[in-house]
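Q: the following block contains a protein sequence and its predicted model.
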Amino acid sequence: MSDPPAKKPKPDPYAKWQSARDEKTGAVYYYHADSKKTSWTWPPPLDDEADTPSDDVPDFEASATYQGRRPGRVFKRGDRGQGYYRDRAPNGTAALPGNL
């Protein structure tokens, strides 16, 4: 009997994102090498909604150690302990280089 075919790893949705420094402010921003989209925050929002946590995903998932990126989440020590927190988008949207 043969083994089942190995699963192909899902491509990293952030692989083509790079960081740069804004010449005017010196602040770090992120840009996609192909699409030229920009974001002040990491991780930048994804176009593919399948990679964005849905509303039924809990706001916090405890984790003693960092276990890799999780779209829409940040790993930190917060008021509920150490783990992955839902990344809250800022209320306002800032102008980004290339989007002006």
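A: Okay, I see it.

Q: low pLDDT regions in this structure?
A: Scanning the chain for pLDDT under 70 picks out 1-2, 4, 6, 43-57, 89-100.

Q: mind redoing it with 50?
A: Low-confidence segments of the chain (pLDDT under 50): 49-51, 91-94, 99-100.

Q: that one: strands as residue ranges?
A: In the chain, strands defined by DSSP state E lie at 17-21, 28-32, 38-39, 60-62, 73-78, 81-86, listed in chain order.

Q: can you put these in TSV and add distance to residue 9 and mean neighbour count?
A: Where you see a C-beta, it was placed from the backbone N, CA and C, and this is true even at glycine. Formatted as TSV, those follow (distance: least, C-beta to C-beta, whole Å; neighbours: other C-beta atoms under 10 Å):
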stretch	distance to residue 9	mean neighbour count
strand 17-21	18	12
strand 28-32	20	17
strand 38-39	24	18
strand 60-62	22	13
strand 73-78	19	14
strand 81-86	20	17
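
Q: using JSON lines, please lay out the ones you listed together with distance to residue 10.
A: Listed next are those as JSON lines, based on distance: least, C-beta to C-beta, whole Å:
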{"stretch": "strand 17-21", "distance to residue 10": "16"}
{"stretch": "strand 28-32", "distance to residue 10": "18"}
{"stretch": "strand 38-39", "distance to residue 10": "21"}
{"stretch": "strand 60-62", "distance to residue 10": "19"}
{"stretch": "strand 73-78", "distance to residue 10": "16"}
{"stretch": "strand 81-86", "distance to residue 10": "18"}
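
Q: right, and these - which one's nearest residue 8?
A: strand 17-21 (21.4 Å; C-beta to C-beta).

Q: packing partners for that closest one?
A: Counting by 3 or more C-beta pairs under 8 Å, 6 or more residues apart in numbering; DSSP states H and E, the packing neighbours recorded for strand 17-21 are strand 28-32.

Q: show me what the strand it packs on pairs with in its sheet, parallel or antiparallel.
A: Using DSSP bridges, the strands paired with strand 28-32 are strand 17-21 (antiparallel), strand 38-39 (antiparallel).

Q: could you dump those to TSV with distance to residue 88?
A: Shown next, in TSV, are those (distance: least, C-beta to C-beta, whole Å):
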stretch	distance to residue 88
strand 17-21	19
strand 38-39	14
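
Q: perfect, I'm done here.
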